[in-house]
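*Asks:* Got a predicted model here, sequence first, then my questions.
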Amino acid sequence: MLEALSYEFIQNALIAGLLVSMASGIIGSLIVVNRMVFLAGGIAHTAYGGIGIAVFFGFPIFLGASIFAVFAALIIAFITLNHRNRMDTFIGLMWAVGMALGVVLIDLTPGYNVDLMSYLFGSILAVSHEDILYMGGLLALIVTIMTFWYRDILAVSYDSEYAALRGINVKFFYTLILVLSALTVVVAIKVVGLILVIALLTIPVYVAEKLSNTLYMMMILSAIFSSLFTLLGLWFSYTFNIASGASIILISALSLFIFLLYNRLRLK
Amino acid sequence: MPIIQIKNLSFAYDKQKILEDINLDIEENDFLAIIGPNGGGKSTLLKLILGINPVQQGSIKTFGEKPQKNLSKIGYVPQNTNVNTDFPIKVIEVVLMGHIGTKQPLFGYAKEEILCAMGALAQVGMEEFAQKKIGDLSGGQRQRVMIARALCAHPKILILDEPTSSVDIDGQKKIYKLLELLNKTITIIVVSHDISVVLEYANKIIHINKQLIYHHLTDKEKSKLNDNGHFCEVELFNILKKESLC
């Protein structure tokens, strides 16, 4: 195990795993308390269209996916804020169309085709130095926003009607949360893949929610749990030579199960 | 001058009239109860006073100006406080939300803000719960926390939408006793179904069902009503209607 740490790609994988875990712990908390899990799922799958565009036109995948995901987040924000009763239909539609667009564009790309599976289930061992810089930048952005606008975001998440009454721009902060979710989803795709993104954004968060009295406590705990699950998952993946994304999710789910069992027994 | 002045106010969603030609003056230190059937326009009227809904016809003036200008002088306690009880938030943090819209430190909470929030909690008798998670409280306790949040902004008017709809009898009494105490310095407007409770504390009652029936209760009438022990909505409406005829 120790000699593995000397490989650069393993080091990169560990750093990327930690950065993404912290980002998804913080943003996952916001997604869960705002009941946006389905929305985040929609963004993740729509982002695949962005991956297709990036591959087809030959520009960086992160850039393509991010721009496309942010665009999807803006549309979803607009729909949820203005046509709430039609929200599920439109998100389901974007979900499917984004995926279809990605598949078609990757098919049309001449020459060697990137492996579809690596985006569906993650490819953390293929993380580059630039990817890590991008992830670090995103985490810094999230921490900065949460530090300075914590009270506004808390008020909008807890009681948006009251927040609006006190003059907070609820639509702006709601959209901001969705845009940050979109950016986080894109980097999480690298680690666990877009199909498993939702699990990374919700399982550690759910455990943290039960143990927290405050939103920032929940964010910190989620980030810690998420990091632990990711490191354990990577270790399993390396030791038993199995897919990293799926191991991370299974480790998380197993931990959640043990946590719920422990909680049940303790209450008895 | 009345602190809230409503003149010839009408309001419609799409083409359906919700409020028609409402005229109402609310004086300082009034305790106004708004009753009426569901869908009769009570909440719409509150939303107009709070500046959430735009005025379509007629006028509303709070403190002699447009409602949007004086939002900071009005405290609002929303109807249902039993939603989102899983939310990880402490009682004190909920109360601190009352400071939104005033000058705040770059991040975190200022010492004065926390002192003020604790003061508001003390006013509603909830200071020992400050560090508890909001979801761990009972419906009545949560309602008092929401009142504390509204008080945090030092309002001149306190508006409550069905404050006791999900509170047990004991909790209801406590909330109305609290409102009675607050009424010494603050004007109170409360939308309620609990007519018998409201009558004990309110000095003005209006009944809204598209149109408004206004009634100023004298002590004699109050005691007459209370002698019955209980009375139903119909009886009360009959009294109110009689009054509006003369």
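*Replies:* Okay, I see it.
*Asks:* can you map out the helices along the chain?
*Replies:* Defaulting to chain A. Using DSSP state H, the helices of chain A run over A:8-33, A:37-57, A:61-82, A:87-108, A:116-121, A:129-148, A:150-158, A:160-165, A:170-192, A:197-211, A:215-240, A:244-267.
*Asks:* Chain B is the one I meant
*Replies:* Going by DSSP H, chain B shows helices at B:42-49, B:91-96, B:111-123, B:139-151, B:169-182, B:195-201, B:219-227, B:233-245.
*Asks:* what angle do the fifth one and helix B:139-151 make?
*Replies:* This means helix B:169-182. With axes from the mean of the first three to the mean of the last three C-alpha atoms, to 10 degrees applied, the angle from helix B:169-182 to helix B:139-151 works out at 20 degrees.
*Asks:* Using neighbour counts, pick out the buried residues of helix B:169-182.
*Replies:* The neighbour-count check on helix B:169-182 (16 or more other C-beta atoms under 10 Å in any protein chain shown) flags B:G171, B:Q172, B:K174, B:I175, B:Y176, B:L178, B:L179, B:L182 as buried. C-beta coordinates here come from the backbone N, C-alpha and C atoms, glycine included.
*Asks:* With pLDDT and distance to chain A as new columns, can those residues be given to me in CSV?
*Replies:* Output for the buried residues of helix B:169-182, formatted as CSV (pLDDT from 0 to 100; distance: C-beta to the nearest C-beta, whole Å):
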residue, pLDDT, distance to chain A
B:G171, 80, 20
B:Q172, 82, 22
B:K174, 83, 22
B:I175, 85, 18
B:Y176, 87, 22
B:L178, 88, 19
B:L179, 89, 19
B:L182, 89, 19
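*Asks:* residues near B:C152, how many?
*Replies:* Counted by other C-beta atoms under 10 Å in any protein chain shown, the residues lying close to B:C152 total 24.
*Asks:* Next, work out how far apart it and B:C116 are.
*Replies:* B:C152 sits at a distance of 6 Å from B:C116 (criterion: C-beta to C-beta, to the nearest Å).
*Asks:* Wait, B:A150 touches B:G75, no?
*Replies:* Yes. B:A150 lies in contact with B:G75 (C-beta atoms under 8 Å); the separation is 3.1 Å.
*Asks:* tell me, what's touching these two both at once?
*Replies:* B:G98, B:L158 (C-beta atoms under 8 Å, 6 or more residues apart in numbering or on different chains).
*Asks:* need the buried residues of helix B:169-182 in JSON lines with distance to B:I134, can you?
*Replies:* Formatted as JSON lines, those follow (distance: C-beta to C-beta, whole Å):
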{"residue": "B:G171", "distance to B:I134": "16"}
{"residue": "B:Q172", "distance to B:I134": "20"}
{"residue": "B:K174", "distance to B:I134": "18"}
{"residue": "B:I175", "distance to B:I134": "17"}
{"residue": "B:Y176", "distance to B:I134": "22"}
{"residue": "B:L178", "distance to B:I134": "18"}
{"residue": "B:L179", "distance to B:I134": "21"}
{"residue": "B:L182", "distance to B:I134": "21"}
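*Asks:* Cheers, nothing more for now.
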